[in-house]
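*Asks:* coords below, sequence missing:
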């Protein structure tokens, strides 16, 4: 037993050495005058979650509600880190930090994302005591439960609102229906709508939610039935309703019918929005109808509608679809000429297409251009790291990872997993272990496939001590507790 403890101690020393050697190192250039950035650096670089409170106690930084809000938003991918920071700020000797409603909601969503449901409800209980709980609080919880396919829990959340002093209203009802429809549970949503129809007076948003749910099913006859019911109830479709109809018709391949809906809108004096035009441009692009995509974009401008980043992105997608990258970059130049900055989505569209065509060198050049003009998002980093790992260029994947950490960007579960899998495939087991431990320390549970791959390699190398160390870490995370 003593030998086992000694081995675990040695394993910890190995982890510490590897961490200090800099996989995702801590050489972060931080604005010394920004307390939120300094706190994020401290929290993200803290090697052991159990020591986070001690590190924070010695940071000598005053945490205002605004600072706390910005820190929590940056930690939304790491629910347990967000929760620990949230709790630490509340328990400060000088009265703690009076968190904003937005901060509470960020923590609630972060905990729900990693299925720490008991802790999530504990936070809601604190909100109730502070008189801060509202309809949006329950809307967040319903959406998170529904996304996890916990339909009964989503309905339960709606039903317990009054116990928390919040009267369910039409907005809450719409939130429940929306959560169910977006998680592909439209039948349950329709059932609840039919049952509670007399309790609430449905508005255009209510019907639009059901229309979208049936359209995504897809069940167009039922969608049309709901639309007729809407008109019979004397509820006139609004711009959102029309947008949903156009979007769903395009997604089901009925673009000509969608154009008729747009024409009908115009005759009713309802001007199509940039969203509706973006759907049409995107659909034409997907169908390789590039001339129609460009013509629709030009028609929008002729109608006096100023294009936004979403429409431009749809046009970039259309050009990428037909491999006209020079045209895509011209569109980006046109965006900037009109005072619209290409966002991470714009760049990701181009990167994704280049990578799918095997143009890795060009994709990397585009990535280098991107980071000079725009902050990459989680999808960007995951794409680039995966590209390099799949092409046996793990050292380049680690270079991207190091840059990401330099920018204090907190990796998502997918980003962690892609690099860990890449390291495993390359036989870099020690580095994979460091990343897995880092992932767990940040409260992110690794997918079973990723953990299983690393487990097999550790057993193959006879490193059961390291495996036991990681398993113990996993157990702590799961027992913290995960209420599935």
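*Replies:* That came through, no problem. All figures in this text were calculated on a predicted structure; none of them were measured in a lab.
*Asks:* distance between the helix or strand containing residue 42 and the chain's centre?
*Replies:* Using DSSP states H and E, residue 42 sits within helix 35-45. Taking the mean of its C-alpha atoms, helix 35-45 sits 21 Å from the chain's own mean (CA atoms, centre = their mean, to the nearest Å).
*Asks:* state the mean pLDDT of it.
*Replies:* Averaged over helix 35-45, pLDDT sits at 84.
*Asks:* likewise stretch 254-269?
*Replies:* Across stretch 254-269, pLDDT averages out at 88.
*Asks:* same question for stretch 412-423.
*Replies:* Rounded mean pLDDT across stretch 412-423 is 95.
*Asks:* ok, now stretch 87-99?
*Replies:* Rounded mean pLDDT across stretch 87-99 is 76.
*Asks:* between the two ends of that stretch, how far is it?
*Replies:* 10 Å (CA to CA, to the nearest Å).
*Asks:* and the helices in the stretch 101-250 of the chain, which stretches?
*Replies:* 101-113, 117-130, 135-147, 151-159, 170-182, 186-196, 204-216, 220-232, 239-251 (DSSP state H, counting those that start in this stretch).
*Asks:* list the buried residues in the fourth one.
*Replies:* Buried residues in helix 151-159, defined by neighbour count with 16 or more other CB atoms under 10 Å: 151, 153, 154, 155, 157, 158. Using the backbone N, CA and C atoms, a C-beta is placed for each residue, glycine as well.
*Asks:* now do the buried residues in the helix or strand residue 387 falls within.
*Replies:* Assigned by DSSP H and E, residue 387 belongs to helix 378-390. By 16+ other CB under 10 Å, the buried positions in helix 378-390 come out as 378, 379, 380, 381, 382, 383, 384, 385, 386, 387, 388, 389.
*Asks:* go on, stretch 439-454?
*Replies:* Neighbour-count burial for stretch 439-454, counted by 16+ other CB under 10 Å, picks out 439, 440, 441, 442, 443, 444, 445, 446, 450, 451, 453, 454.
*Asks:* in helices, which of the residues you listed fall?
*Replies:* In helices, defined here by DSSP state H, the members of those are 439, 440, 441, 450, 451, 453, 454.
*Asks:* dump these into JSON lines; add pLDDT and distance to residue 144 as well.
*Replies:* Shown next, in JSON lines, are those (pLDDT from 0 to 100; distance: CB to CB, whole Å):
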{"residue": "439", "pLDDT": "89", "distance to residue 144": "21"}
{"residue": "440", "pLDDT": "87", "distance to residue 144": "21"}
{"residue": "441", "pLDDT": "82", "distance to residue 144": "23"}
{"residue": "450", "pLDDT": "94", "distance to residue 144": "23"}
{"residue": "451", "pLDDT": "93", "distance to residue 144": "23"}
{"residue": "453", "pLDDT": "94", "distance to residue 144": "28"}
{"residue": "454", "pLDDT": "95", "distance to residue 144": "28"}
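*Asks:* between these, which is nearest residue 251?
*Replies:* Checking these against residue 251 by CB to CB gives residue 450 as the nearest, at 32.1 Å.
*Asks:* next, count neighbours for the closest residue to the closest one other than its chain neighbours.
*Replies:* Nearest residue to residue 450, sequence neighbours excluded (CB to CB, 6 or more residues apart in numbering): residue 417, at 4.6 Å. Residues within reach of residue 417, counting by other CB atoms under 10 Å, total 24.
*Asks:* list the buried residues in the helix or strand residue 417 falls within.
*Replies:* Element membership for residue 417, per DSSP H and E: helix 413-426. Using 16+ other CB under 10 Å as the test for burial, helix 413-426 gives 413-424, 426.
*Asks:* stretch 453-473 now?
*Replies:* 453, 454, 455, 457, 458, 463, 465, 466, 467, 469, 470, 473.
*Asks:* what helices or strands is the helix holding residue 417 leaning on?
*Replies:* helix 378-390, helix 394-406, helix 429-441, helix 448-460 (3 or more CB pairs under 8 Å, 6 or more residues apart in numbering; DSSP states H and E).
*Asks:* let me know the angle separating it from helix 429-441.
*Replies:* Angle, helix 413-426 to helix 429-441, by axes from the mean of the first three to the mean of the last three CA atoms, to 10 degrees: 160 degrees.
*Asks:* can you name the residues in contact with helix 413-426?
*Replies:* 77, 378, 381-382, 385-386, 388-390, 392, 394, 397-398, 401, 404, 429, 431-432, 435-436, 438-439, 444-447, 450, 453-454, 457 (CB atoms under 8 Å, 6 or more residues apart in numbering).
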